[in-house]
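Engineer: I would like the atomic coordinates for the input below:
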Amino acid sequence: MDQTRNPNPSNHSSKISSSSRLLVLQSHLSTQKPTMASEKEAALAAAALPADSPTIFDKIINKEIPANVVYEDDKVLAFRDINPQAPIHILLIPKVKDGLSGVSKAEERHIEILGRLLYTAKLVAKQEGLEDGFRLVINDGPSGCQSVYHLHIHLLGGRQMNWPPG
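Structural biologist: Numbers count the residues shown, from 1 in each chain. Next up is the predicted model:
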């Protein structure tokens, strides 16, 4: 690495990590509807962060930033997405990450929380009046456009869904 361009090479990864974290936070706190490119950019930036990095969801769980909570128990938190893709768009997350940054990281020890998240999605869908149907989405990894590495399920409803998804 050219020392004149980066006099402190050990700072390089922390600068990348900080800029990646900033891009991810901006994409999730923005009130504007993101373009597909910005979602992909946020997903790629998030993938560059260390696996144990705190996420925006940690801040929501810890009540450091507000969320419109629609359901909470000792294991699961559900809140409205700030950038809804359907009339009803709710995120369901485990309150304890326990290494479960995405479905691809699931281990046998996660079976209970995975089932709990799906059952809770059904409860929340009923609470929201989605008797006619709803969609559950889990994005996993950079190619799956995952931009927060804390497992979460998108509950979408209130309109006719299409297949295949766009």
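
Engineer: Not counting sequence-adjacent ones, nearest residue to Pro87?
Structural biologist: Gly158 (3.1 Å; C-beta to C-beta, 6 or more residues apart in numbering). The C-beta positions use only the backbone N, C-alpha and C, and glycine is treated the same way.

Engineer: mind checking how far the strand ranked longest in the chain is from the chain centre?
Structural biologist: For the chain, the strand reaching the highest residue count under DSSP state E is reported as strand 88-94. Remark: strand 88-94 is offset 9 Å from the chain centroid, using C-alpha atoms, centre = their mean, to the nearest Å.

Engineer: So which residues make contact with it?
Structural biologist: 57, 60-61, 70-71, 75-81, 83, 100, 113, 116-117, 120-121, 124, 128, 130, 134, 150-158 (C-beta atoms under 8 Å, 6 or more residues apart in numbering).

Engineer: Please check the residues you listed and keep the buried ones.
Structural biologist: By neighbour count, with 16 or more other C-beta atoms under 10 Å, those hold 57, 60-61, 70-71, 76-79, 81, 100, 113, 116-117, 120-121, 124, 128, 130, 134, 150-157 as buried.

Engineer: from the residues you listed, which ones fall inside strands?
Structural biologist: Val70, Tyr71, Val76, Leu77, Ala78, Phe79, Ile153, His154, Leu155, Leu156, Gly157.
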